[in-house]
Each structure stands twice: as structure tokens, then as C-alpha cells.
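Student: How does the following fold in three dimensions:
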Amino acid sequence: MTPSKDTPIQNIGAYALHAAEVLVLGAASWNRIVQVPKLPQGTSATLFEAREYETVGSTGVGKSMALSALGHAPVLHCALGIDHYAENIAEACRARGIALIIDPQNAPTPHHLNIMDTAGGRYSLFLSNGADDPEIDCDRLLPIISAARTIFLSLALSSLKALPLLQETTADIWLDLHDYDGQNPWYDDFIAHGDVIQLSDVALEQPEAVVSRLLTGRARMVVLTKAEKGAEIYTEGENLTIPPCPARFCDSNGAGDAFSVGLWHGLQTGMPLRDAGAFAAATAACAVESLALFPAQTTVEDIAARVAQNRTNAP
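Tutor: From the prediction side, this is the model:
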């Protein structure tokens, strides 16, 4: 039996029943982070100088934190268990001004172990994936989806269950495919709903062919992120190279989410595409300099100043 709205979950997450300017569909987790100088490469090893900490994680939280810092009021939908990890997630989101819509599940809250090195390499171990078939209160979620102007769509099982509701919206849908390999059919239903699609080049053998295929569908723009090499932004008639913004590396978690939010914010505020791309790169640079998914005190003005400085220092 799925927990009702009268269960203790209501004490750890607000049901955001107001209209959202920006709705983020999935996901949230509680993560244990272990940082090492260099990831082991296929052999047994003893690693010294490791450190660890625990924090909220996953792409939905990363985007929501960046949105909040840039002055927006995101609403995040996620499926969580009824446990202390869910309490931790709800408290972390409350502290950052993120409204939550929680669908409680009779399954543990997603819990991940991320082993990361100082070059940005990462092993992610999913200790708990959450509910295999999350039950979503569609009657509650539908009016919020219908009222949203922008939806950030995450690759999560709770989001997969919500895809039919997207037929009822005129919102602009920004989809993040992360490390999509260009072939896995599990992604197809998500791709069919994306107006703007972002993905990493890390698993792509022929990135340009995948980008071209994505642009033949619904998507009007595809963003290909390339880690320390920056990004490429493709539309039907344009291909822009966005150079990276220099950063003092601390933690790569949240960088892709920050880039997506920065690009969206730039376009929403009337920036030309190239300028919005530069703003996105600077937003991502702020993320990699922080242990948090996105630093709470960073402002739009801080990011704009960083863009200007980067241009001044460019050769």
C-alpha cells in the first residue's frame, strides 16, 4: 500500500500546490561522497588522503538549487521513502527555498555513494534506487504541470510515470540526457518530449550524428557538454562553440545542471544564444568550485561579472 498524504512524510516536505514558474520533475537522493586524489584504475589499491561527507544529491536538486540562486522559485517533484534520508533531503531543500512535491513510497529513499577524484572522475554506486515502480499522485501533479511555463525533465522513474501528463502542458520542456549513448531505447519516451535537450559527449562514439538525429524530432536545440572542453550548442541553422569558463576545481557534481539552468536563465532574460552560452559556462564554473551542488550565495551579478572577466582575459 502506498503511504497517504496523512503519513509522517508530510512533516518533512511541503506539498507545493501553487502554480510554478519553473517545475523540476525528478530527482533527489541522499549521497555519501568520498573524494580521493585519483580513482583506482582496474587494480586493487590502498588510497590515502581520502575524505568523505554526506549531502543532498541528484539532478533535480542540482537544477533546483541553481534556479533558486539565480532568483527563480522552483518546485521540485520527487518520489522518496519515509525515512531519515528523505528528512535530510527535505531539510536541505527548505534551506535553499525549494518547494517540494513529495510522493511517498514504501521503498527506501534513493541513496548513492559517489567516489570522486580531483580531476573530476567519478564512480557512482546506487546503494538504493528508490521504488522500482513509484506511485505518483497524478491528480495532484497535473494542475501544476499544466500551469508551469518551463519544465526541467529529469531521467527518473517518477518522471517516467509523469510523461503522459505532459500532453496537457504548453510549457517549454528542457530535458537532460546526461551520459546517453545515443542508442538505448529506454530514453526514447523522454526524448519525444524534449524541446531543448542537453547531453554529455562522454558515451557518444559519433556525437554529431546523435545530435543531428535529435534535431529531426521535437527538439529545436541540442546542447552537447564536453566537460573541461566547454560545450557545443546546435540548432537547425546554427552551431556555436562555447568555451569553458576557468574555475578552481573542487567538485564536479552539479556542473551539468548548472550549465542547463544558466543557459535557460540567459535566454529567458533576452540574451543572444552565444551570450547565454557564456553565462551558462560561468554558472557551471561556480558549481565546480563548491562542495554543494550549487553555491547558495552565488548571484546573477556574480556570474555576469565572471563572464565579463573571462572575456577580458581571453587571448
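
Student: Going by C-alpha atoms from here, please, whenever you check contacts or count neighbours.
Tutor: Noted.

Student: now the strands for the stretch 51-200 of the chain?
Tutor: Along the stretch 51-200 of the chain, counting by DSSP state E, counting those that start in this stretch, strands occupy 51-57, 74-81, 99-105, 111-117, 122-128, 150-153, 172-176, 196-200.

Student: tell me the angle of the last one relative to strand 172-176?
Tutor: It refers to strand 196-200. Relative orientation of strand 196-200 versus strand 172-176 (axes from the mean of the first three to the mean of the last three C-alpha atoms, to 10 degrees): 10 degrees.

Student: CA atoms only for stretch 113-133, dumped as CSV, please.
Tutor: Extracted as CSV, the C-alpha positions of stretch 113-133 are listed here (Å, rounded to 0.1, in the frame of the first residue of the first chain):
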residue,chain,number,x,y,z
LEU,A,113,27.9,6.5,-2.9
ASN,A,114,30.0,8.8,-5.2
ILE,A,115,33.8,8.2,-5.3
MET,A,116,35.4,11.2,-6.9
ASP,A,117,38.9,12.3,-7.7
THR,A,118,40.4,15.8,-8.1
ALA,A,119,40.3,15.6,-11.9
GLY,A,120,36.5,15.3,-12.0
GLY,A,121,36.4,11.5,-12.4
ARG,A,122,33.6,9.7,-10.7
TYR,A,123,32.3,6.2,-9.8
SER,A,124,28.6,6.4,-8.7
LEU,A,125,27.3,3.4,-6.8
PHE,A,126,23.5,3.4,-6.3
LEU,A,127,23.0,1.8,-2.9
SER,A,128,19.3,2.3,-3.1
ASN,A,129,17.5,3.2,-6.4
GLY,A,130,14.2,4.0,-4.7
ALA,A,131,10.9,2.4,-5.7
ASP,A,132,11.0,0.2,-8.8
ASP,A,133,7.5,1.4,-9.8
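
Student: Mind listing what's buried along that stretch?
Tutor: 113, 114, 115, 116, 117, 120, 122, 129, 130, 131 (16 or more other C-alpha atoms under 10 Å).

Student: what's near enough to touch residue 36?
Tutor: Neighbouring residues of residue 36 by C-alpha atoms under 8 Å, 6 or more residues apart in numbering: 47, 48, 49, 50, 51, 115, 116, 117, 118.

Student: contacting residues around the spatially most central residue of the chain?
Tutor: Residue closest to the average C-alpha location in the chain (C-alpha atoms, centre = their mean): residue 59, at 3.0 Å. Residue 59 sits next to 26, 27, 28, 154, 254, 257 when contact means C-alpha under 8 Å, 6+ apart.

Student: Which residue, other than its chain neighbours, is closest to the fifth one?
Tutor: The spatial neighbour of residue 254 that comes closest, neighbours along the chain excluded (C-alpha to C-alpha, 6 or more residues apart in numbering), is residue 293 at 4.6 Å.

Student: name the element the one you found belongs to?
Tutor: Counting by DSSP states H and E, no helix or strand carries residue 293.

Student: Same check on the one 10 residues further on?
Tutor: When elements are defined using DSSP H and E, residue 303 is found to belong to helix 300-313.
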